[in-house]
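Enquirer: fold the following, please.
(one chain, ligands or ions: 1)
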Amino acid sequence: GKVLVTGANGYIAVWVVKTLLEHGFSVRGTVRSESKAAHLRKLFNSYGDKFEVVIVEDITKDGAFDEAVKGVDAIEHTASPFHFKAIEPDELIVPAVHGTTSVLKSAQKYGTSVKRVVITSSTAAVILPVTEPRVLTEADWNEASIQEVKEKGRDASAPAKYRASKTLAERAAWEFYEKNKDTLSWDLVVLNPPFVFGPAIHDVDVPENLNESAREWYLNVVKGKLDNDALATVGASHVDVRDLALAHTLALQKPEVAGERIIISAGAWKWQDFVSAAHRLDSRLPAGNTSYDPTKAVHLVQYSSDKERRLLGIKFRSIEETTKDTLEDFKARGWL
Ligand code: NDP
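Expert: Just a heads-up that it's a prediction; the model follows:
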C-alpha cells in the first residue's frame with residue numbers, strides 16, 4: 001500500500017519513511033518547501049517511484065491536504081512544531097491543532113482509499129503533575145498544561161505551551177473521529193512517545209540545528225551542559241527513534257490497534273544514565289556525576305508499556321544501544 005507521511009523531513013518522520021519503505025510500503029511525503037525535498041529524494045533515491053515528495057506550504061489551511069491524500073491507503077501525521085521558543089502559545093497550538101484537523105478533513109473528503117490514520121502525539125498529552133511516584137497510562141490526559149496556558153497565556157512555561165499544543169491536537173483528532181466515524185473509510189490510531197533519541201538521518205548541518213530532543217541529548221551528554229545535581233535528578237522517559245518508526249509501521253499492519261491510543265516508551269532515566277553510558281563508550285566524553293546510583297533514582301512519572309506490549313510487542317533498544325549508535329552517528333559527521 002501507499003502511505004502519506006506529513007512533515008516527512010523531520011527527525012522522526014525520515015525514520016518512519018525509511019522503515020515503511022523497508023517493509024514494502026510506498027511513501028508520499030509532504031514537506032513545506034522544495035528546498036526540504038532534495039535531501040529526501042537523494043536519501044531514498046534507490047526506491048525509485050516507490051517514494052515521492054509533495055509540497056504542502058501551509059498545513060493549517062483547510063483543504064491543505066486535499067490533493068496529497070488522494071490515492072493513499074494510510075496516513076502518518078507527524079508534522080507539528082516541537083520547540084521551546086514560542087512566545088505566544090498559539091505559535092504551537094495553531095499548527096498542531098489545525099494541522100491535525102486539516103489532514104483529517106482532507107482524508108474525510110478525498111481520502112476514499114484511506115483505511116487508517118496514525119497520529120504522532122506524545123506523552124506530553126499524557127503527563128500529569130504528580131508528587132508521588134506514579135505509572136501513567138493511556139487513560140491519563142494532560143489537562144494541567146491546557147489550564148496553565150489558559151490562565152497565563154504567554155507567561156505559561158515553555159513546556160506547558162508545547163504540551164498544551166500536543167494535548168489539544170490529540171483531543172481534536174479523537175473528537176473528529178468520534179463525531180464522524182460512521183461515515184469514514186478509515187480508523188484512527190494515536191502513538192504517544194516520550195523523549196525520542198538516537199541517530200539522525202534527516203538534513204542537519206551542525207548539532208545546534210538538530211531537532212529539540214536530539215539537540216538536548218547532544219548538549220547534555222556530549223557537551224556536559226548540566227551540573228551534577230541536575231544530572232542525577234532530571235530525567236524523563238525515552239524511546240529510540242528507530243523503535244518509534246517501527247511502531248508507526250506496525251500501527252498500519254495490525255488490525256487490532258484500531259481506535260487505540262498507545263504509549264510507546266522504553267523506560268525512565270536520569271540524564272546521568274546516558275552520560276554514564278556515553279563515557280563508558282568514549283572516555284573523552286564527560287564522566288558527569290560519578291556518585292550517581294541508578295538504583296536510587298526516583299522516577300516520579302513512569303509510563304505503562306502494557307498496551308504497547310499487548311498490541312505491538314516491540315523489543316526496545318536500551319539506553320546503551322541508543323547511546324552507542326548516536327555517538328557513532330556524531331563521529332561519522334565529525335561532531336565528536
Ligand atoms: P522535527 O522538528 O524534526 O520535525 C517536525 C516536523 O514538523 C518537520 O517536518 C517540520 O517541518 C514540521 N512542522 C513543524 N512546524 C510546522 C508548521 N508550523 N507547519 C508545518 N509543518 C511544521 O521534530 P520531531 O521529528 O522530533 O517531531 C515529529 C513529531 O513527533 C511531532 O509531532 C512531535 O510533537 C512528536 N514528538 C517528538 C518527540 C521527540 O522527542 N522528538 C517526542 C514525542 C513526540 P519544517 O522542517 O518545515 O519546520
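Enquirer: from here on, just use CA atoms for contacts and neighbour counts.
Expert: Noted.
Enquirer: helix, strand or coil for Lys152?
Expert: Secondary structure assignment for Lys152 (DSSP: H, G, I helix; E, B strand; the rest coil): helix.
Enquirer: contacting residues around it?
Expert: Contacts for Lys152 (Cα atoms under 8 Å, 6 or more residues apart in numbering) come out as none.
Enquirer: for the stretch 51-200 of the chain, what lies in contact range of the ligand?
Expert: Contacts of the stretch 51-200 of the chain with the ligand, taken as Cα under 6 Å from any ligand atom, map to 59, 78-82, 95, 120-122, 193-196.
Enquirer: of the residues you listed, just the buried ones, ChimeraX syntax please.
Expert: Those of those that count as buried under 16 or more other Cα atoms under 10 Å are selected in ChimeraX with:
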select :59,78,79,80,81,82,95,120,121,122,193,194,195,196
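Enquirer: now the residues of the stretch 51-200 of the chain next to the ligand in CSV, with distance to Glu208, secondary structure and pLDDT?
Expert: Below are those laid out as CSV (distance: Cα to Cα, whole Å; DSSP: H, G, I helix; E, B strand; the rest coil; pLDDT from 0 to 100):
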residue, distance to Glu208, secondary structure, pLDDT
Ile59, 26, coil, 98
Thr78, 22, coil, 98
Ala79, 21, coil, 98
Ser80, 20, coil, 98
Pro81, 17, coil, 98
Phe82, 15, coil, 97
Pro95, 23, helix, 98
Thr120, 24, strand, 99
Ser121, 24, coil, 99
Ser122, 23, coil, 99
Pro193, 23, coil, 99
Pro194, 21, coil, 98
Phe195, 18, strand, 98
Val196, 17, strand, 99
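Enquirer: residues near Ala297, how many?
Expert: 16 (other Cα atoms under 10 Å).
Enquirer: now do the contacts for Ser213.
Expert: Ser213 touches Phe195, Val196, Phe197, counting by Cα under 8 Å, 6+ apart.
Enquirer: possible to save these as CSV with distance to Lys150?
Expert: Formatted as CSV, the contacts of Ser213 follow (distance: Cα to Cα, whole Å):
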residue, distance to Lys150
Phe195, 25
Val196, 28
Phe197, 31
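Enquirer: and these, which is closest to Thr295?
Expert: Phe195 (21.1 Å; Cα to Cα).
Enquirer: the closest one pairs with what?
Expert: His238 (DSSP bridges).
Enquirer: what lines up beside the helix or strand harbouring Thr30 in the sheet?
Expert: Taking DSSP states H and E as the definition, Thr30 sits inside strand 26-31. In the sheet containing strand 26-31, its partner strands are strand 2-6 (parallel), strand 51-55 (parallel), by DSSP bridges.
Enquirer: just the C-alphas of stretch 83-102, formatted as PDB.
Expert: The C-alpha trace of stretch 83-102 is given here as PDB (Å, rounded to 0.1, in the frame of the first residue of the first chain):
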ATOM      1  CA  HIS A  83      10.400  23.600  20.300                       C
ATOM      2  CA  PHE A  84      10.500  25.800  23.400                       C
ATOM      3  CA  LYS A  85      11.000  29.100  21.700                       C
ATOM      4  CA  ALA A  86       7.300  30.200  21.300                       C
ATOM      5  CA  ILE A  87       6.300  33.400  22.900                       C
ATOM      6  CA  GLU A  88       2.500  33.100  22.200                       C
ATOM      7  CA  PRO A  89       1.100  29.600  22.900                       C
ATOM      8  CA  ASP A  90      -0.800  29.900  19.600                       C
ATOM      9  CA  GLU A  91       2.600  29.700  17.700                       C
ATOM     10  CA  LEU A  92       2.500  26.000  18.700                       C
ATOM     11  CA  ILE A  93      -1.200  25.400  19.200                       C
ATOM     12  CA  VAL A  94      -2.400  26.600  15.900                       C
ATOM     13  CA  PRO A  95      -0.200  24.500  13.700                       C
ATOM     14  CA  ALA A  96      -0.600  21.500  16.000                       C
ATOM     15  CA  VAL A  97      -4.400  21.600  16.100                       C
ATOM     16  CA  HIS A  98      -5.200  22.900  12.700                       C
ATOM     17  CA  GLY A  99      -2.500  20.800  11.000                       C
ATOM     18  CA  THR A 100      -4.200  17.700  12.600                       C
ATOM     19  CA  THR A 101      -7.800  18.700  11.700                       C
ATOM     20  CA  SER A 102      -6.900  19.800   8.200                       C
END
